[in-house]
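Participant: Sequence first, predicted model second:
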Amino acid sequence: MRDRLRLAIPNKGRLVEPTLRLLHDAGLVFDEHDRSLVARVQNYDLDVLFVRTNDVIEFVGDGVADLGITGIDLLTETSAELPRIRDLGYGRCRLAAAVPNDSPYQAIEDLAGLRVATAHPNTARRFFETRSIPVDVIPISGAVEVAPRLGLAEAIVDLVSTGSTMVMNGLRPIGDVLSSEAVLVANPAAHRERVAELTAIDTMLTAVIAARGQKYLLMNAPAAKLAELEALLPGLESPSVIPLAHDGMIAIHSVVGSDEVWGLLPRLKAAGASGILVLPIEKIVP
Ligand code: AMP
C-alpha cells in the first residue's frame, strides 16, 4: 500500500479555482503553480494529482488516487459506484432540459417523440426512461446550446448555473433533470481500508465548508436583557454567556448565518446590546 494518500482534483475548468481555495483554506500547503501532474503537500501526508475533470472518476475508480473531487453530474453520468463522502457546497449547477424560446413545448412531457441533444446522454436517457417519455437522445460533447439552431435536436439537456448562457442562446428551460455540486469521492478499497486517514481529510474540508456563511457574534448587554436577546439569536446552538467585571453586565457569544447578521444588528442594539463585534470564522468542527 502506498504511504501517502492521493487526492485527484481538476486541472482545468470551473472547478479548479474553488477546489484550490478549499484545500488552501483547509490549511494544506502545496505549490500548484505549474499544475504539473503531482503536487506534494508540505504539511500533510497527501499528494494532490491534477487531472482533467472528466478523468477524476477514473483515477479514483482505478485506485491511482484514493480520493477525488469532481461534479455530481459527472459521477451520475459515468454511473461509477464510488463512495460519495461529502457534497462540497460549490460548483452548484443543475442539468436542465431547454427548448428554443419560440418553440411550443412547455414541459418535459412535451418532448415525447423529439430529439434531445446532450453531453450527459446516460443521465438524460435514464431520466426520460423513468418518466416513460420516449425521446431520441443525441450525444454530443460540446456546444450543446447551439444544437437546436443547427437543426440537430428540438431540445437540449445541459448544465445551467445562472441561466445566462441559455438566455444568450435563445433557450428557455422547461424542467430540471439533476442538481449538481462538487463532491468528494473515494476509491472503494481506500474507503474500507484507510478509514482514519480519509476521515481526517473529510474533517479538514468539512470544517471549512461549515464555517462558510457563518459569523461569530460577540456583544455586551445588561444581564436583565438576556432573555430578550436570546430570543433574537437564531438557535444554531445556545449562546455562551459570560459575566463581565461590571456588575449586572454580561457578554454573549454566538454563531449566526452571514445572511442573517445584518438584519440582526439593529434589533440586537435596540434590545440593549452594545459593543457588538462580527468576526469571520475560519473553521467549525462540530
Ligand atoms: P469544466 O467543464 O472542466 O469547466 O467543469 C465542468 C463541471 O463544473 C461540470 O461537470 C459541473 O460539475 C461544474 N459546473 C458548475 N457550474 C457549471 C455550469 N454553469 N456549466 C457547466 N458546468 C458547471
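Facilitator: Good, I have the coordinates. Residues are numbered from 1 along each chain as shown.
Participant: How many residues are close by the residue in the stretch 51-200 of the chain positioned nearest to the ligand?
Facilitator: Distances from the stretch 51-200 of the chain to the ligand, computed as C-beta to the nearest ligand atom, single out residue 71 as the nearest residue at 2.1 Å. Every residue, glycine included, has its C-beta placed from N, CA and C. Neighbourhood size, residue 71 [other C-beta atoms under 10 Å]: 25.
Participant: would you list every one of the helices in the stretch 51-200 of the chain?
Facilitator: Defined through DSSP state H, counting those that start in this stretch, the helices belonging to the stretch 51-200 of the chain, from first to last, are 56-62, 72-78, 121-130, 164-168, 188-193, 195-211.
Participant: Dump those into TSV; add mean neighbour count and mean pLDDT as well.
Facilitator: Putting the helices of the stretch 51-200 of the chain into TSV (neighbours: other C-beta atoms under 10 Å; pLDDT from 0 to 100) gives the following:
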stretch	mean neighbour count	mean pLDDT
helix 56-62	21	97
helix 72-78	20	96
helix 121-130	18	98
helix 164-168	13	90
helix 188-193	14	97
helix 195-211	17	96
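Participant: what would those helices look like in JSON lines with distance to residue 98?
Facilitator: Shown next, in JSON lines, are the helices of the stretch 51-200 of the chain (distance: least, C-beta to C-beta, whole Å):
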{"stretch": "helix 56-62", "distance to residue 98": "26"}
{"stretch": "helix 72-78", "distance to residue 98": "15"}
{"stretch": "helix 121-130", "distance to residue 98": "12"}
{"stretch": "helix 164-168", "distance to residue 98": "6"}
{"stretch": "helix 188-193", "distance to residue 98": "36"}
{"stretch": "helix 195-211", "distance to residue 98": "30"}
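Participant: Might you report the residue contacts of the residue of the stretch 51-200 of the chain closest to the ligand?
Facilitator: The neighbourhood of residue 71, defined by C-beta atoms under 8 Å, 6 or more residues apart in numbering, consists of 15, 53, 91, 93, 180-183.
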